[in-house]
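Asker: below are the sequence and a predicted model; questions follow.
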Amino acid sequence: MKVQFYGAARRVTGSKHLLTTERGTKILLDCGLFQGIGTTELNMSFGFNPKDVDVVILSHAHIDHTGLLPRLVREGFNGTVYCTPATESLCGIMLLDSARIQENDIERVNKRRKRRGEPLLEVLYEEEDAKKALELMKPVGYHIKHEIEEGVSFSFYETGHILGSAGIYVEFTEDTHKKSLFITGDIGRPDDKILRKPEAFPQSDYIICESTYGDRLHSPSIDMKARLLSIVRKTCLENGGKLIIPAFSVDRTQELIYALDTLESEGLLPKIPVYIDSPLSVKATLVMRKHEEEFNPEILEYIKRDGDAFGFETLHYITKVEDSKALNFSGEPCVIISASGMAEAGRIKHHIKNNCENPNNTILIVGYCSPNSLGYQIKNKAEKLRIFGDDLVLRANVEVMDSFSAHGDYNEMIDYLACQDSSKVKKVFLVHGELDTQTAFKDKLEKVGYRSVEIPMHKEGFII
């Protein structure tokens, strides 16, 4: 079998790993969108012919793992897309949302290009392409062995990253020899406030492992709620300002809501409005409520007592554009949670633009931001920000809480891999990380017994 890396190779986004079996069957593991500045060309061209792909297997619903699936369909893919039931539910809202973003972005860009007399650009994909992609999806539960062709099968194992997230265990037989490959997808954290912790997976010959936080440790999460409460009080009560939180629509937003819900239940949260200003986040929260089978025992017990982990008196879900715009003209102290998490698209960019120059406000970064994203610039307190063509001065306070991150740090990832006998793993491929981070993580893996750790380049292939 051959594996080639067409995305998330020495970078964080765009996960795409192409397997080719002895019979020539092509299996694409994830079909992610490259995100950030300068990724247009990478998203327009796959590097392989989509018509040749027979099967897609998705690890989870995040756009950097699924967001090019409609493009794949647009260019001729018509095979089966396998995923977990919860991933199918989330893709049902996320891919359509992504398509609308693609259409709106290209319309805005082409208006400028037309005024300048420049040739118009092609849309990456449209809503119809996303709908066709969704029709190809076939849900498969955890631990169910599904045969792709004779001698090649896969099964899913929980990774606790977001709702429905899974590692993919591929078994294949070549020349009468049985071999196995495990793709971690994104590795969640053992103390996730909503989901069950990542589970052990079978011994594997080869592992494709994410490495997002391969060079760092998260701060202790024991004080997460207290820290969040402190930021809310200082920003909204002491400064009379707005707390702006870019957050991914799936899991991170719900974890923030859950934390605020428990603070409100304990009588600690100030009586200020909290706005979830993202149609996608609103829909994702509804999907979360329908998949409580993936929740951990603690939140299930809380729901029994409280009735709802994602709703309290001062919480408001916003979907209408006019209501979102009204927040920018309101002077009331409040909390605004909006997507996207890297502040690259969506309503959050408007909220940051309208609030970043006020020193009474705070922008709270709660998740990973790729180096070429607006969120990364804010996280590193850049003096100036360019948003929608305007240059702005960053005067708002900036706070960072990586305890909300959905990615395990290097100790948590090594603990996750501890179910393996490292001496039996022939090779580990590191993906989904920046090169410096991957180099550091490679060194850590070698120190715990992994003999061969590879950091593949974009489009590089290996025989396994």
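Answerer: Looks like it arrived, so ask away. Numbering: from 1, shown residues only.

Asker: give the closest residue to the most centrally placed residue in the chain in space, chain neighbours not counted.
Answerer: The centre of the chain sits closest to H62, judged by CA atoms, centre = their mean, with a distance of 4.1 Å. Using CB to CB, 6 or more residues apart in numbering and skipping the chain neighbours, the partner closest in space to H62 is I162 (6.5 Å). Every residue, glycine included, has its C-beta placed from N, CA and C.

Asker: the one you found contacts H60, correct?
Answerer: Yes - counting by CB atoms under 8 Å, a contact exists between I162 and H60, whose distance comes to 5.5 Å.

Asker: average model confidence for whichever helix in the chain runs longest?
Answerer: In the chain, ranked by residue count with DSSP state H as the criterion, the top helix is helix 85-115. Helix 85-115 shows an average pLDDT of 92 in the prediction.

Asker: circling back to that earlier point, surely the residue nearest to the centre of the chain and F248 touch.
Answerer: Yes - between H62 and F248 a contact is recorded at 7.3 Å, counting by CB under 8 Å.

Asker: and the longest helix of the chain, what other elements does it pack with?
Answerer: Taking 3 or more CB pairs under 8 Å, 6 or more residues apart in numbering; DSSP states H and E as contact, the helices and strands that helix 85-115 lies on are helix 63-66, helix 69-74, helix 127-135, strand 137-139, helix 279-290.

Asker: C-terminal to the fourth one, what's the next element?
Answerer: Past strand 137-139, further along toward the C-terminus, the next helix or strand under DSSP states H and E is strand 146-149.

Asker: next, the buried residues of that following strand.
Answerer: With burial defined by 16 or more other CB atoms under 10 Å, the residues of strand 146-149 counted as buried are I148.

Asker: same check, this time on stretch 111-125
Answerer: Result for stretch 111-125 [16+ other CB under 10 Å]: buried residues 123-125.

Asker: swap in stretch 89-104?
Answerer: Using 16+ other CB under 10 Å as the test for burial, stretch 89-104 gives 89-99, 101-102.

Asker: could you redo those as TSV and give each row distance to E174?
Answerer: What follows is the buried residues of stretch 89-104, written out as TSV (distance: CB to CB, whole Å):
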residue	distance to E174
S89	35
L90	34
C91	32
G92	36
I93	39
M94	36
L95	34
L96	39
D97	41
S98	37
A99	39
I101	42
Q102	40
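
Asker: spit out the residues that contact I162 and H60 alike.
Answerer: Applying CB atoms under 8 Å, 6 or more residues apart in numbering, one finds that I162 and H60 are jointly contacted by D186.

Asker: ok, N328 to E399 distance?
Answerer: Going from N328 to E399 by CB to CB, to the nearest Å gives 21 Å.

Asker: those two: who's more crowded?
Answerer: Neighbours around N328 and E399, counted as other CB atoms under 10 Å, are more numerous at E399. The numbers are 19 against 14.

Asker: so N110 sits against L121, correct?
Answerer: Yes - counting by CB under 8 Å, N110 sits close enough to L121 to count as a contact (6.1 Å).

Asker: next, work out how far apart E238 and S370 are.
Answerer: To S370, E238 is 33 Å away according to CB to CB.

Asker: of the two, who's got more company?
Answerer: Between E238 and S370, counting by other CB under 10 Å, S370 is the more crowded of the two (20 against 10).

Asker: and the residue nearest to D97 when sequence neighbours are not counted, what pLDDT?
Answerer: Nearest non-adjacent residue to D97, counting by CB to CB, 6+ apart: L280, 4.7 Å away. The predicted local confidence for L280 comes out at a pLDDT of 91.

Asker: return the residues in contact with L280.
Answerer: Listed by CB under 8 Å, 6+ apart, the contact set of L280 reads 93-94, 97, 249, 339, 346.

Asker: and this protein, what are its domain boundaries?
Answerer: As recorded under automatic domain parsing, the domains making up the chain are 2-216+406-463, 221-404.

Asker: tell me the spacing between A86 and Y125.
Answerer: For A86, the distance to Y125 equals 23 Å [CB to CB].

Asker: where exactly do the strands run in the stretch 251-400 of the chain?
Answerer: For the stretch 251-400 of the chain, strands defined by DSSP state E, counting those that start in this stretch occupy the ranges 274-277, 315-318, 334-338, 362-365, 384-387, 390-393, 397-400.

Asker: direction included, what does the third one pair against?
Answerer: Sheet pairing here is set by DSSP bridges, and for strand 334-338 it gives strand 242-246 (parallel), strand 274-277 (parallel).

Asker: then the last one?
Answerer: Under the criterion DSSP bridges, strand 397-400 sits next to strand 362-365 (parallel) in its sheet.

Asker: residue contacts, A61?
Answerer: For A61, the contacting residues are 83, 86-87, 90-91, 94, 162-165, 250, taking CB under 8 Å, 6+ apart as the criterion.

Asker: most neighbours among those residues, please name it.
Answerer: For the contacts of A61, neighbours were counted by other CB under 10 Å; the highest total belongs to S165, with 32 neighbours.

Asker: name the nearest residue to that one, ignoring sequence neighbours.
Answerer: Spatial nearest neighbour of S165, chain neighbours left out: H60 (3.7 Å); criterion: CB to CB, 6+ apart.

Asker: neighbours of that neighbour, just the number please.
Answerer: Other residues lying near H60 total 29 when counted by other CB under 10 Å.

Asker: go on, G449?
Answerer: Counted with other CB under 10 Å, the burial measure for G449 works out to 12 neighbours.

Asker: quick one, phi/psi of the closest residue to it other than its chain neighbours?
Answerer: Leaving aside its sequence neighbours, G449 sits nearest to S422 (CB to CB, 6+ apart; 3.6 Å). Geometry field for S422 lists phi and psi as phi -60, psi -30, criterion degrees, to the nearest 10.
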